[in-house]
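K.L.:
Below are the sequence and a predicted model; questions follow.
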Amino acid sequence: MNLILDFGNTNQKIALTDSSGTIKKIVNRKEITLQVIKSFVDENPGIEGCILSSVTRHPSSINSFLKKHFRFLELTESTPLPVINRYRTPKELGKDRLAAVAGGASFFPCKDLLVIVAGTCITYNLITSGNEFLGGAISPGLNMRFQALHTFTGKLPLITFKEFDNPVGANTEQSILSGVINGIVSEMEGFTLLYKKKYPGLKILLSGGDLKYFDNRLKINIFAIPNIVLLGLHQILTFNV
């Protein structure tokens, strides 16, 4: 068994994976403390390896505990990956993107692949059939767009996601929902068509915390795979340990 820790911008996750990479258990919180980790470990005996990916500050005591009890790996820009990283500024590359790429490549080896992760930001990550990660694009995520419309205007309200399928909003809330939701769908479909001009056989993988809002709205052939970052972290850990 492996312990997978993903400390993201919005949420933090701790997960348990078996040798095949199947996720057996996930805990999702605003903050994963050392006590949460210890309790999780006590409840799940047999953990051997551990990987931590963090884009935020966390107590050094967490690293100390993990190093003491497991074969521990912390993901950095210099960590060996199961894909060839062609990104020109690797120190600026988000760890979540690295993990998503590793996870996507494990599902579609030797295929041109676009991994879309809909989270705090929406990232588009292109992997070629030669197992090379070339880069992609980053845009604001769902809640970031709602927040921006409220923050940078004088009167637009701050709203949260609600189901709304009509492209014509009859009031301000509906207009915001239409603009944000349909804007993201059009963006995802547009990027896909753009990349397919160069890679006609391109596979599309969609994941991320906001996956559920978009997988049934897209009019393109996609593979919806939840928790691709956690699955990718397992792949990186296995590759190194």
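P.N.:
All right, it came through fine. Numbering: from 1, shown residues only.
K.L.:
Run me through the strand neighbours of the lengthiest strand in the chain, direction for each.
P.N.:
Secondary structure of the chain per DSSP state E: the longest strand is strand 132-140. Applying DSSP bridges, strand 132-140 is found paired with strand 84-85 (parallel), strand 121-127 (antiparallel).
K.L.:
What is the next helix or strand after it packed up against?
P.N.:
Next along the chain after strand 132-140, taking DSSP states H and E as the criterion, comes helix 142-151. Judged by 3 or more CB pairs under 8 Å, 6 or more residues apart in numbering; DSSP states H and E, the packing partners of helix 142-151 are helix 172-196. Where you see a C-beta, it was placed from the backbone N, CA and C, and this is true even at glycine.
K.L.:
quick one: the helix it packs on to chain centroid distance?
P.N.:
Put simply, helix 172-196 sits 19 Å off its chain's centre (CA atoms, centre = their mean, to the nearest Å).
K.L.:
quick one: it to helix 142-151, angle?
P.N.:
130 degrees (axes from the mean of the first three to the mean of the last three CA atoms, to 10 degrees).
K.L.:
Need the three-state assignment for the residue of the chain most remote from its centre.
P.N.:
Ranking residues of the chain by C-alpha distance from their mean position (CA atoms, centre = their mean) puts Ala170 at the top, at 33.6 Å. Of the three states, Ala170 takes coil under DSSP: H, G, I helix; E, B strand; the rest coil.
K.L.:
Run through the helices of this structure in chain order.
P.N.:
Per DSSP state H, the chain carries helices over the ranges 34-43, 60-69, 95-107, 142-151, 172-196, 211-214, 228-240.
K.L.:
Ile51 is nearest to which of these?
P.N.:
helix 228-240 (4.0 Å; CB to CB).
K.L.:
Remind me what the closest one packs against, helices and strands.
P.N.:
Right, helix 228-240 is packed against strand 2-7, strand 12-17, strand 23-29, strand 49-54, strand 71-74, helix 95-107, strand 113-118, strand 203-207 by 3+ CB pairs under 8 Å, 6+ apart.
K.L.:
mind giving me TSV with the helices of the chain and columns for mean neighbour count, distance to Leu75 and mean pLDDT?
P.N.:
Output for the helices of the chain, formatted as TSV (neighbours: other CB atoms under 10 Å; distance: least, CB to CB, whole Å; pLDDT from 0 to 100):
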stretch	mean neighbour count	distance to Leu75	mean pLDDT
helix 34-43	14	16	92
helix 60-69	14	12	92
helix 95-107	26	5	93
helix 142-151	16	24	96
helix 172-196	16	26	96
helix 211-214	17	22	92
helix 228-240	25	6	95
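K.L.:
what about the residue nearest to Lys24 when sequence neighbours are not counted, neighbour count?
P.N.:
Leaving aside its sequence neighbours, Lys24 sits nearest to Leu16 (CB to CB, 6 or more residues apart in numbering; 4.6 Å). For Leu16, the neighbour count with other CB atoms under 10 Å is 22.
K.L.:
Tell me which residues touch Leu16, please.
P.N.:
Shown in contact with Leu16 (CB atoms under 8 Å, 6 or more residues apart in numbering): Met1, Asn2, Leu3, Ile4, Ile23, Lys24, Lys25, Ile26, Phe40, Asn44, Ile47.
K.L.:
All set, thanks.
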